[in-house]
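**Q** quick one: sequence and predicted model below, then my questions.
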Amino acid sequence: MDIIAGVLSLQGAFKEHINRLRECGVSAVEVRFPEQLKKIDGLIIPGGESTTINKLLGKYKFKDNLDKFNRKHKPIFGTCAGLILLAKNIEGEDKGLGYIDIEVRRNAYGRQADSFEVLLDLSLDRSENGGKFKSVFIRAPKIISAGKEVAILARYNEDMVLARENNVMVCTFHPELTDDLRIHKYFINMIKNYKGEN
């Protein structure tokens, strides 16, 4: 099954996601214009500056095409800033895109200097995808509430840090900054399942 995964490449850590996807054996493209969304099977929105990415989404008129992409239930994966953009609510601010029923708090774990790594237990579909995952938190947001349809795939202490609702997965850390491909492979399986159903 041929898969083309796209990574929103307006700002942020998109190159690292491209590399991880290619290491998983799928075609990966940089998405810089909204019409490219029609040609990909799944989309990653990377970490970076969520306010800047949001402004660029507006500048390049991505919103309608992203809404159509989501309505088709094509898989979307947001990391860090990407999670903030995909959230239904952002604490103390306007709403996000609303593709996943969570409320988030920006920079909940502190500044850049407060970045840290931790081993997390993953709860992914396949048993071989469980076990410890080295997770890098950089100015990470926090999921402070989630709707009942949101599945929690990993926690840090009591905090939700990896979650999924239907076609949308989000995480507060940076899986693209490790050599562990399990989360990217899980996302690719989401794409395979979508293509198998359509």
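**A** That came in fine, so what should we check first?
**Q** show me where the chain has its strands.
**A** 4-8, 27-31, 42-45, 76-79, 87-90, 100-105, 116-122, 131-137, 142-146, 151-156, 159-165, 168-171 (DSSP state E).
**Q** using a markdown table, lay out those together with distance to residue 52 and mean pLDDT.
**A** (Glycine included, C-beta is placed from N, CA and C.) Shown next, in a markdown table, are the strands of the chain (distance: least, Cβ to Cβ, whole Å; pLDDT from 0 to 100):
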| stretch | distance to residue 52 | mean pLDDT |
| --- | --- | --- |
| strand 4-8 | 12 | 98 |
| strand 27-31 | 16 | 98 |
| strand 42-45 | 13 | 98 |
| strand 76-79 | 15 | 98 |
| strand 87-90 | 15 | 95 |
| strand 100-105 | 17 | 96 |
| strand 116-122 | 24 | 91 |
| strand 131-137 | 20 | 88 |
| strand 142-146 | 20 | 95 |
| strand 151-156 | 26 | 94 |
| strand 159-165 | 23 | 96 |
| strand 168-171 | 19 | 98 |
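**Q** which one of these lies closest to residue 55?
**A** Proximity to residue 55, assessed across the strands of the chain by Cβ to Cβ, is greatest for strand 4-8 (13.2 Å).
**Q** dump the strands of the chain into a markdown table; add mean neighbour count as well.
**A** Listed next are the strands of the chain as a markdown table, based on neighbours: other Cβ atoms under 10 Å:
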| stretch | mean neighbour count |
| --- | --- |
| strand 4-8 | 24 |
| strand 27-31 | 17 |
| strand 42-45 | 27 |
| strand 76-79 | 28 |
| strand 87-90 | 20 |
| strand 100-105 | 22 |
| strand 116-122 | 14 |
| strand 131-137 | 17 |
| strand 142-146 | 18 |
| strand 151-156 | 18 |
| strand 159-165 | 21 |
| strand 168-171 | 27 |
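**Q** what about the closest residue in space to residue 65 that isn't next to it in sequence, how many neighbours?
**A** In space, and not counting its chain neighbours, residue 65 is closest to residue 34: 3.9 Å by Cβ to Cβ, 6 or more residues apart in numbering. Using other Cβ atoms under 10 Å, residue 34 has 17 neighbouring residues.
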